[in-house]
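Asker: Predicted model, plus sequence, below.
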Amino acid sequence: MEQPRVLRWFDVQSVPGDYSFPLEDRPGRLPIPLCDAVPVIDLHKSTTSPEKWSMVRQIVEASQEYGFFQVINHGVSEDVVRETSTVFKEFFNMYAEDKKGTSASDGDLSRGWIYMNSSSVFAKDGIHLWRDNVKLACHPLEECMQGWPPKPTRYREVVATYVEEMRRLSGRILELICDGLGLEAGYLERLSQVQLVVGNYYPPCPDPSLTLGLLKHCDPSLITILLQEGNACGLQVLHNGKWIGVAPLPNALVVNIGNQLEIISNGKLKSAEHRAVTNSYEARISIATFINPSHNSIVEPAKVLVDELNPPRYAPTLYKDFAHTSKVASTEATKPPAPPDS
Ligand code: OGA
Ligand code: NI
């Protein structure tokens with residue numbers, strides 16, 4: 001039987017036909033001007049109540065307008081971020097044999113890890129993404145990390161620290177969002193039962209106008225925290241029908257509202273469509289942390305946000321069904337479920 005062709009990124013001179021998207025998906029003219037519209041929010045430990053409420057307001061406003069914001073002074077040490085970027089870079093640079101995941105099947109990544117090179121998945125109609133990726137189950141951490149890649153040597157230890165930091169930071173941001181929405185303390189934290197980390201590797205591409213690192217999608221998470229490694233721009237968010245770039249900023253992390261939080265907030269917060277484009281000059285790595293409900297949770301608008309004037313805009317959905325109907329991959333969905341009467 002013919003073996004699937006595996007693209008060796010370093011000797012690609014032109015974009016193969018099965019990596020070239022149809023016109024309607026292509027990023028088109030690049031670069032898209034970078035824009036500083038996506039708010040940057042300073043999360044320094046607030047000591048006073050007005051400072052805290054100012055953060056809450058900024059987070060809610062950014063989540064309503066863009067579904068995205070960046071955070072600085074978020075409390076995750078620069079060393080942890082740097083080391084995490086380094087071990088992911090080392091991982092992606094290893095020989096293919098060393099990157100083969102062993103202990104998980106896609107779609108149900110409850111333990112272990114899975115590595116996918118671009119040629120093993122079609123993103124759409126027989127076209128591949130310009131991306132390799134590795135997915136790690138992270139919860140419960142002690143158990144999961146035993147099943148992570150054994151190489152590079154420090155990978156497990158470094159990524160475990162990062163996972164803990166992301167857990168803490170996501171908890172803090174979700175508490176601020178609870179305050180902003182008027183939900184009781186712990187409401188969102190209780191739903192955050194699953195954590196997944198996905199490392200994305202986008203190699204340089206000879207013609208970025210034809211390819212995509214990630215198709216347009218929404219995240220089916222509660223929230224996602226993205227570390228953009230390096231200086232290359234790749235992440236774009238759809239805002240009022242226009243793509244805007246989210247520039248990597250020093251020591252910043254990108255946060256976006258996922259479909260589940262849009263549902264819980266009864267549409268007050270927005271899960272925005274976004275995508276990743278490629279560039280011709282350097283490999284780009286991003287590390288996404290998804291905070292998700294457990295597969296058996298039923299997700300629905302919070303009762304306190306629903307009344308006669310504000311009827312529920314989303315049907316209760318079993319998270320498992322939501323995640324499985326997602327077309328792109330288990331970590332990427334296309335749109336939130338329809339309201340009950342449409
Ligand atoms: C994702 C995602 C964007 C990026 O992993 O869901 O949107 O820039 N990543 O890698
Ligand atoms: Ni995404």
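Answerer: Ah, there it is. Ligands and ions are numbered 1, 2, ... in the order given.

Asker: Flag every residue of the protein that's near ligand 1.
Answerer: Taking Cβ under 6 Å from any ligand atom as the measure of proximity, the chain contacts ligand 1 at 198, 200, 214, 219, 226, 234-235, 274, 276, 286, 288, 331-332. For every residue, glycine as well, the C-beta is placed using N, CA and C.

Asker: Compute the number of surrounding residues for residue 178.
Answerer: Residue 178 has 18 neighbouring residues, counting by other Cβ atoms under 10 Å.

Asker: Can you check the pLDDT for it?
Answerer: For residue 178, the model assigns a pLDDT of 98.

Asker: Same question for stretch 276-296: list its buried residues.
Answerer: Within stretch 276-296, the residues scored as buried using 16 or more other Cβ atoms under 10 Å are 276-279, 283-293, 295.

Asker: and the residues of the chain next to ligand 1, which two are the farthest apart?
Answerer: Spatial extent of those (Cβ to Cβ) is set by the pair 234 and 331 at 16.7 Å.

Asker: thinking again about what came up before, so which of the residues of the chain next to ligand 1 sit within strands?
Answerer: 198, 200, 214, 226, 235, 274, 276, 286, 288 (DSSP state E).

Asker: and of these, the nearest to residue 124?
Answerer: Using Cβ to Cβ, residue 214 is the member of those that lies nearest residue 124, at 11.3 Å.

Asker: how close does that closest one get to residue 76?
Answerer: Distance, residue 214 to residue 76, using Cβ to Cβ, to the nearest Å: 23 Å.

Asker: same deal with residue 167?
Answerer: In terms of Cβ to Cβ, residue 167 sits 11 Å off from residue 76.

Asker: re earlier: lowest-confidence entry in the buried residues of stretch 276-296?
Answerer: residue 295 (89).

Asker: so that one touches residue 323, yeah?
Answerer: Yes - using Cβ atoms under 8 Å, residue 295 is in contact with residue 323, at 7.1 Å.

Asker: Show me the strands in the stretch 201-342 of the chain, by range?
Answerer: 214-217, 223-229, 235-239, 242-245, 253-257, 274-276, 284-292, 298-299, 317-318 (DSSP state E, counting those that start in this stretch).

Asker: what's the angle from the third one to strand 223-229?
Answerer: For strand 235-239 and strand 223-229, the angle between their directions (axes from the mean of the first three to the mean of the last three Cα atoms, to 10 degrees) works out to 140 degrees.

Asker: Give me the sheet partners of strand 235-239 and which way each runs.
Answerer: strand 242-245 (antiparallel), strand 274-276 (antiparallel) (DSSP bridges).

Asker: what's that strand in contact with?
Answerer: 27, 32, 37-38, 65-68, 216, 226, 228, 243-246, 254, 256, 272-277, 286 (Cβ atoms under 8 Å, 6 or more residues apart in numbering).

Asker: what do you get if the cut-off is 6 Å, keeping everything else the same?
Answerer: Around strand 235-239, the neighbours that count as contacts under Cβ atoms under 6 Å, 6 or more residues apart in numbering are 66, 68, 243, 244, 245, 246, 272, 273, 274, 275, 276.

Asker: in the sheet, who's paired with the last one?
Answerer: According to DSSP bridges, the partner residues bridging residue 276 are residue 214, residue 235.

Asker: Helices of the stretch 1-150 of the chain, residue ranges please.
Answerer: 49-65, 78-92, 141-145 (DSSP state H, counting those that start in this stretch).

Asker: Check these for me: which has the lowest mean pLDDT.
Answerer: helix 141-145 (a mean of 91).

Asker: What are the contacting residues of that helix?
Answerer: So helix 141-145 is contacted by 111, 137, 138, 156, 160, 163 (Cβ under 6 Å, 6+ apart).

Asker: Return the item of these having minimum pLDDT.
Answerer: residue 111 (73).

Asker: Could you pull up the contacting residues of that residue?
Answerer: 137, 144, 147.

Asker: and these as CSV, adding neighbour count?
Answerer: Shown next, in CSV, are the contacts of residue 111 (neighbours: other Cβ atoms under 10 Å):
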residue, neighbour count
137, 24
144, 24
147, 17
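
Asker: would JSON lines of those residues with distance to residue 264 be doable?
Answerer: Compiled in JSON lines, these are given as follows (distance: Cβ to Cβ, whole Å):
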{"residue": "137", "distance to residue 264": "23"}
{"residue": "144", "distance to residue 264": "26"}
{"residue": "147", "distance to residue 264": "31"}
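
Asker: What is the nearest of those to residue 304?
Answerer: Nearest to residue 304 among the contacts of residue 111 is residue 137, at 32.3 Å by Cβ to Cβ.

Asker: how far away is that closest one from ligand 1?
Answerer: Per Cβ to the nearest ligand atom, to the nearest Å, residue 137 is found 16 Å from ligand 1.

Asker: pretty sure residue 158 belongs to a helix, no?
Answerer: Yes - checked against DSSP: H, G, I helix; E, B strand; the rest coil, residue 158 lies within a helix.

Asker: Quick one: residues contacting it.
Answerer: Residue 158 is in contact with 83, 84, 87, counting by Cβ under 6 Å, 6+ apart.
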